[in-house]
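Visitor: Structural data only, the sequence is not supplied:
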């Protein structure tokens with residue numbers, strides 16, 4: 001993901017926050033400079049780039065990575081399948097429209113080392129108290145969610161991987177997120193969440 005990998009959160013129009021959110025890593029916004037709700041309610045443990053050349057380059061690198069992920073050949077067609085209760089091995093999983101962990105407190109398990117790509121035609125939605133689990137060497141940095149519109153993550157959920165959304169990403173209250181959050185054309189919003197950058201994928 002080139003320079004984008006240096007940032008935990010990248011947005012286009014705004015990054016907003018309600019409650020005590022902690023972002024462990026750098027943050028960039030381009031072309032906007034709208035960053036709200038982090039003083040005194042939140043903490044950004046990293047560099048903040050607002051409307052700078054570095055932020056613009058990072059956003060452009062997100063777009064490149066998004067298009068690369070969208071065009072990968074698929075391993076399995078999964079349109080209409082709830083990810084809750086599934087155990088998947090590395091591969092490219094295609095959803096023509098929406099995708100999600102829909103069942104309440106649903107668990108998606110990713111099993112084994114390698115690259116996981118989820119190609120999602122429209123929205124990504126996860127339920128409250130849902131969870132992504134990694135076993136047998138699966139790594140957060142090697143999980144990519146290419147989202148055709150927007151992502152909405154349910155409250156008190158555990159989410160792992162890198163979201164590259166065409167539009168926005170909304171994090172409900174008390175989410176633990178391990179990975180990167182990128183919104184190409186709209187905003188990222190938080191509500192008393194914790195986001196922790198992960199190491200880049202070493203098998204990409």
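Guide: Great, that's in hand. Values in this document were obtained by computation on a predicted structure and should not be read as measured data. Numbers count the residues shown, from 1 in each chain.

Visitor: Please identify the next secondary structure element, helix or strand, after the one helix or strand residue 55 maps to.
Guide: According to DSSP states H and E, residue 55 maps onto helix 53-70. Along the chain past helix 53-70, the next helix or strand (assigned with DSSP H and E) turns out to be strand 76-77.

Visitor: Just name whatever secondary elements that next one is in contact with.
Guide: For strand 76-77, the contact count by 3 or more CB pairs under 8 Å, 6 or more residues apart in numbering; DSSP states H and E identifies strand 91-95 as packing neighbours. Backbone N, C-alpha and C define where each C-beta goes, glycine included.

Visitor: got the contact list for the strand it packs on?
Guide: Outside strand 91-95, the residues that touch it by CB atoms under 8 Å, 6 or more residues apart in numbering are 72-79, 81, 114, 116-121.

Visitor: which one of those residues sits closest to residue 150?
Guide: Sorting the contacts of strand 91-95 by distance to residue 150 puts residue 120 at the head of the list, at 10.3 Å, by CB to CB.

Visitor: Might one say that the closest one is in contact with residue 147?
Guide: Yes - counting by CB atoms under 8 Å, residue 147 is a contact partner of residue 120 at 4.9 Å.

Visitor: Quick one: work out the angle between the helix holding residue 55 and strand 91-95.
Guide: Going by axes from the mean of the first three to the mean of the last three CA atoms, to 10 degrees, helix 53-70 is angled at 90 degrees with respect to strand 91-95.

Visitor: How about helix 53-70, which residues are buried there?
Guide: Of the residues in helix 53-70, those with enough neighbours to count as buried (16 or more other CB atoms under 10 Å) are 54-59, 61-62, 65-66, 69-70.

Visitor: Also stretch 130-149?
Guide: By neighbour count, and taking 16+ other CB under 10 Å as the criterion, the buried residues in stretch 130-149 are 130-132, 134, 138-149.

Visitor: same thing with stretch 35-45?
Guide: Going by 16+ other CB under 10 Å, stretch 35-45 has these buried residues: 35, 37-38, 42, 44.

Visitor: which residues touch the nearest residue to residue 35 once chain neighbours are set aside?
Guide: Closest residue in space to residue 35, ignoring its immediate chain neighbours: residue 15 at 5.2 Å, by CB to CB, 6 or more residues apart in numbering. With contact taken as CB under 8 Å, 6+ apart, residue 15 is in contact with 9, 27, 29, 34-36, 187-190.

Visitor: Same list, the buried residues of helix 53-70, but as CSV with distance to residue 20 please.
Guide: Supplementary listing: those in CSV, determined by distance: CB to CB, whole Å:
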residue, distance to residue 20
54, 27
55, 25
56, 30
57, 31
58, 26
59, 27
61, 30
62, 27
65, 31
66, 31
69, 32
70, 35
